[in-house]
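For reference, the sequence and a predicted model appear below.
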Amino acid sequence: MVDIILDTLIDGIKLLPFLFIVFFVLEYIEHKVSIKNKKIIEKSGNYGPFIGAILGMFPQCGFSVAATNLFSARVITFGTLIAIYLSTSDEMLPILLSNGLPLTFILKIILIKVIIGMIAGFIIDYLLKNKISLKSIHDICEEEHCDCKHSLIKSTIKHTLNIFSFIIITSFILNTLIFLIGEDNLSKLLLKGNIFAPLLASLIGLIPNCASSILLSELYLSSTISFGSMMAGLLTGSGVALLVLFKTNKNVKENIFILGSIYFIGSIVGLIINLW
């Protein structure tokens with residue numbers, strides 16, 4: 001239990017700088033950005049999935065959390081957020097590197113995630129024709145009663161601590177559940193011969209915790225699961241970002257759509273790879 005508490009606190013503290021920076025940027029936009037600059041941001045959103053997929057590949061959970069807050073404030077599009085979720089590497093990269101896997105193999109994994117993220121992001125933005133609006137920044141301020149118009153730092157700290165406490169509490173509950181279920185029981189569900197393994201791996205990837213990508217990577221390294229199953233879970237894994245999404249974005253239908261989209265994409269890609 002002590003280890004669970006420590007792991008939860010360490011993972012949460014790692015996110016603090018990202019949370020603070022993003023909320024500071026949002027507050028700055030609320031304070032300073034002109035109508036002309038808002039229009040520039042809206043136009044740049046057309047290239048969001050490309051940029052998001054590239055940035056998402058760096059090994060950390062913080063960027064997906066930052067992107068979630070930007071989406072909730074309508075600074076980025078649906079497609080950009082989903083591209084980031086699919087390409088996010090979180091703790092997978094250091095695990096594979098530390099086990100001495102060939103760099104070409106690791107780059108292949110990253111490239112698959114980035115390409116899938118870009119394609120999915122552009123398709124979703126095209127289908128939804130999403131319009132970016134910064135008015136949700138006002139909504140966040142009103143909900144938090146933070147007096148954003150008068151205190152930039154104060155409101156930034158309040159938003160940051162609000163989300164940070166939510167992440168800590170929920171992550172602790174999830175870490176405890178994973179400990180009680182046991183990694184051995186999870187690995188039995190994902191045996192290579194199971195045709196539905198990618199579907200199950202995608203579900204594990206959805207667990208809003210950076211530990212899920214570590215588990216999937218280690219199961220693959222021990223030859224317990226197939227490459228397709230690992231990819232399915234790594235595509236759906238976005239750290240604790242989904243927790244933040246359901247906390248900050250009040251439109252539950254949007255959240256379910258995003259969750260369902262990344263699960264569907266991860267599962268399909270995993271099945272295709274296994275059949276290839």
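Yep, that arrived.

going forward, measure contacts between C-alpha atoms and count neighbours the same way
OK.

got a list of contacts for the helix or strand harbouring G270?
Element membership of G270 [criterion: DSSP states H and E] is helix 252-275. By CA atoms under 8 Å, 6 or more residues apart in numbering, the residues outside helix 252-275 that reach it are 78, 82, 85-86, 195, 198-199, 201-203, 206, 226-236, 242, 245-246, 249.

Now, the residues you listed that are in helices?
Using DSSP state H to define helices, the subset of those located there is 78, 82, 85-86, 198-199, 201-203, 206, 227-236, 242, 245-246.

In three-state terms, label the residue nearest in space to the middle of the chain for me.
The residue lying closest to the centre of the chain (CA atoms, centre = their mean) is S238, at 3.0 Å. In three-state terms, and counting by DSSP: H, G, I helix; E, B strand; the rest coil, S238 is coil.

how many other residues sit next to the closest residue in space to it that isn't next to it in sequence?
Spatial nearest neighbour of S238, excluding adjacent residues (CA to CA, 6 or more residues apart in numbering): Y85 at 5.2 Å. Number of residues near Y85 (other CA atoms under 10 Å) recorded here: 35.

ok, now S64?
S64 sits with 32 neighbouring residues when counted by other CA under 10 Å.

Give me the pLDDT value at it.
The model reports S64 with a pLDDT of 82.

quick one, what contacts I5?
F172.

so it is in which element?
Using DSSP H and E, I5 falls in helix 2-32.

Give me the mean pLDDT for that helix.
71.

picking up where we left off before, if you count neighbours, what's buried in the helix holding G270?
Within helix 252-275, the residues that count as buried by 16 or more other CA atoms under 10 Å are 255, 258-259, 261-271, 273-274.

Next, count neighbours for the spatially closest residue to F172 that is not a sequence neighbour.
Nearest non-adjacent residue to F172, counting by CA to CA, 6+ apart: T8, 5.7 Å away. Counted by other CA under 10 Å, the residues lying close to T8 total 22.

how far off helix 241-248 does the helix or strand where I168 lies point, in degrees?
Element membership for I168 (DSSP H and E) is helix 152-181. Going by axes from the mean of the first three to the mean of the last three CA atoms, to 10 degrees, helix 152-181 is angled at 130 degrees with respect to helix 241-248.

Just to check, the residue nearest to the centre of the chain is in contact with A83?
No - S238 is beyond contact range of A83, at 10.7 Å (criterion: CA atoms under 8 Å).

just checking, F20 touches T156?
Yes - using CA under 8 Å, F20 is in contact with T156, at 6.5 Å.

Neighbour count: the two, which is higher?
Higher neighbour count among F20 and T156: T156, with 24 against 20, using other CA under 10 Å.

Do I have it right that A232 meets A201?
Yes - using CA under 8 Å, A232 is in contact with A201, at 6.0 Å.

So those two - more neighbours on which side?
A232 (35 against 31).

quick one, what contacts the more buried one?
A232 sits next to P198, L199, A201, S202, G205, G266, S267, I268, V269, G270, L271 when contact means CA under 8 Å, 6+ apart.

With I84 instead?
P49, G52, A53, I54, L55, G56, M57, S64, A67, G117.

Which of the residues you listed sits closest to S212?
S64 (14.9 Å; CA to CA).

tell me which element that closest one is part of?
Assigned by DSSP H and E, S64 belongs to helix 62-72.

Measure how far that helix is from the centre of its chain, please.
Put simply, helix 62-72 sits 8 Å off its chain's centre (CA atoms, centre = their mean, to the nearest Å).

Between helix 152-181 and it, find me the angle.
120 degrees.
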